[in-house]
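# sequence first, predicted coordinates after that:
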Amino acid sequence: MKIIIYGATEIGCLLATEFFEDHDITVIDKESNRSEEFDKLDISFVQGNASDVKTLKNADIFNSDAFIACTELDEANIVACLTAKKISGIKTICFVSKEEYRNTMEQDKSNSYLGDFFIDNIIWPEALLTQELFRIVTVAHALDVENFADGKARLLEYKVKPSSKIVGKIVKDCGFTRDTIMVGIKRKDLLFIPNGLTEINEDDKLIFMGTSRSLDILAGTFFHEKDQVKSVAIIGGGSVGLMLAKSLEEMKIKAKIIEKNYNRCEYLSQELNSTIVINGDGTNLKLLGEEEIGECDVAISVTNNDERNLLCSLLVKQLGVKRVITRVSKVLNIPLFERVGIDIAVSPKTSALNEVRNDLDEADVDILATVEQGQAEVLEIPVKDEINEKLIKDLKFPAPAIIGVVQRRNHVIIPKGDTQIQTGDILIIFTMAESVPIIKEYLSCA
């Protein structure tokens, strides 16, 4: 596939480095000095404005398959995508930072009178981040949460505490709940797929897939997480903070927002019903103490400044908050944040990258989720006639992978070796990122 990326921003560079090995990438940017970093990766560079037809022609727009606009200016992204769509009919993906632009452009797409003058996919990273934060918050102490098959199946990730009764045991002797499969273990910096003889160590991050009910039982039995999240503190009242607070209100979860800007606090008070809005600085330890932030089950710092988020998170951690989640703008900072004690660090750019990858992938293979900053992926692949009626144990994957869920019409099956798959089933597969192409090819011709 030939892809044009407009904007050598951080997300543009992430997209380029993600796709260049398997696709032909051209980057457009106004600054000529951006070209050096792409030359090392065999990525073409065109200097100019992608709203200019001449620049698009120089980037070979007529022979390209997808156009992604991700500059820091929403208006530039929208105009560039509409221009590219008008002159070539190319698939367009547009990044925006404001909700009103996303709503307007998605509404325009549904109007038939526009003909082919529309944008295929509008990505607002903050909305994707909010969805991810909400999933994590509503499952007590989970490091990651992904829902599959309309919520009937899930992926959950938990960290093993030193006092856990499963430390030192091998997987097959742990007695995990019936409809549950351990699909991955993150041990220090290594992520791998375990087998029945793998021993569990303290501080391991265990990744499970299974039915929602079985995972609820698993959490209560092994990770002492029967308590529901009842109170959440949000530091930062921007778009993410507001959307998250609204979602928490729907779940009847008590929430507080600390926001430094007084005018923004007034707006938040008008938009929210039961959330307590506090005008103050989230780095003020005295304020955090007075507002009893340390008594909250979860604290989330979602300002647009990494350094401020880190400081706020360390302060609430010191006050005794059980779980601290931090927004990270720079993806490279995620390991650093986790290394200094932040429980979960998430980035809107990572969420957006996953959305683009899924949008550009093959029509019959969906990437449902990425795990541990892209080290592993969860794929959704429909069963073809070539493997109809095969048993799970007879599928000899050429690379490490595990089928965590079989979706059969309105039912989900947590498979065993003797589970027979049928045409029309959907396989939900956990595998390492580097193994994805191998698994796809195998299942397409098995």
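That came through, no problem.
# which residue sits closest to L272, ignoring its sequence neighbours?
Closest residue in space to L272, ignoring its immediate chain neighbours: A245 at 5.6 Å, by CB to CB, 6 or more residues apart in numbering. C-beta: built from backbone N, CA, C; applies to glycine.
# what residues does the helix or strand the one you found falls within touch?
Using DSSP states H and E, A245 sits within helix 239-250. Helix 239-250 has contacts (CB atoms under 8 Å, 6 or more residues apart in numbering) with 99, 126-127, 129-130, 133-134, 137, 232, 234-235, 255, 257, 259, 268, 271-275, 300, 302, 327, 348.
# before we move on, what about stretch 271-286?
By CB under 8 Å, 6+ apart, the list of residues contacting stretch 271-286 from outside reads 235-237, 242, 245-246, 248-249, 254-260, 262, 265, 268-269, 287-288, 291, 301, 303, 308, 311-312, 315, 319.
# again, only using 7 Å
For stretch 271-286, the surrounding residues in contact (CB atoms under 7 Å, 6 or more residues apart in numbering) are 235, 242, 245-246, 249, 255-260, 262, 265, 268-269, 287, 291, 301, 308, 311-312, 315.
# before we move on, back to that, check the gap between the residue nearest to L272 and N195 for me.
From A245 across to N195, the span is 43 Å (CB to CB, to the nearest Å).
# what residue in this structure is the furthest from its centre?
K54 (35.8 Å; CA atoms, centre = their mean).
# how much space separates it from F67?
In terms of CB to CB, K54 sits 15 Å off from F67.
# if you count neighbours, what's buried in stretch 381-399?
Applying a neighbour-count criterion of 16 or more other CB atoms under 10 Å, one finds 381, 383, 387, 392, 395, 397 buried in stretch 381-399.
# ranges for the helices of the chain?
Here the chain has its helices, by DSSP state H, at 10-19, 35-39, 53-58, 74-88, 99-109, 125-137, 212-222, 239-250, 262-271, 285-290, 306-318, 334-339, 348-360, 436-445.
# now R264: closest residue in space that isn't a chain neighbour?
G237 (5.3 Å).
# run a quick neighbour tally on the one you found.
27 (other CB atoms under 10 Å).
# who's in contact with it?
Contact analysis of G237 by CB under 7 Å, 6+ apart lists 257, 259, 264-265, 268.
# burial measure for R409, as a count.
Residue neighbour count, defined by other CB under 10 Å, stands at 8 for R409.
# could you pull up phi and psi at the residue nearest to R264?
Note on G237: backbone dihedrals following degrees, to the nearest 10 are phi -110, psi 30.
# could you work out the most separated pair of the contacts of G237?
The span of those, defined through CB to CB, is set by I257 and R264 at 9.6 Å.
# export the helices of the chain to JSON lines and tack on distance to I181 and mean pLDDT?
Listed next are the helices of the chain as JSON lines, based on distance: least, CB to CB, whole Å; pLDDT from 0 to 100:
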{"stretch": "helix 10-19", "distance to I181": "28", "mean pLDDT": "88"}
{"stretch": "helix 35-39", "distance to I181": "41", "mean pLDDT": "70"}
{"stretch": "helix 53-58", "distance to I181": "48", "mean pLDDT": "95"}
{"stretch": "helix 74-88", "distance to I181": "41", "mean pLDDT": "93"}
{"stretch": "helix 99-109", "distance to I181": "37", "mean pLDDT": "72"}
{"stretch": "helix 125-137", "distance to I181": "20", "mean pLDDT": "88"}
{"stretch": "helix 212-222", "distance to I181": "10", "mean pLDDT": "83"}
{"stretch": "helix 239-250", "distance to I181": "29", "mean pLDDT": "93"}
{"stretch": "helix 262-271", "distance to I181": "42", "mean pLDDT": "96"}
{"stretch": "helix 285-290", "distance to I181": "41", "mean pLDDT": "94"}
{"stretch": "helix 306-318", "distance to I181": "32", "mean pLDDT": "95"}
{"stretch": "helix 334-339", "distance to I181": "25", "mean pLDDT": "87"}
{"stretch": "helix 348-360", "distance to I181": "22", "mean pLDDT": "82"}
{"stretch": "helix 436-445", "distance to I181": "16", "mean pLDDT": "83"}
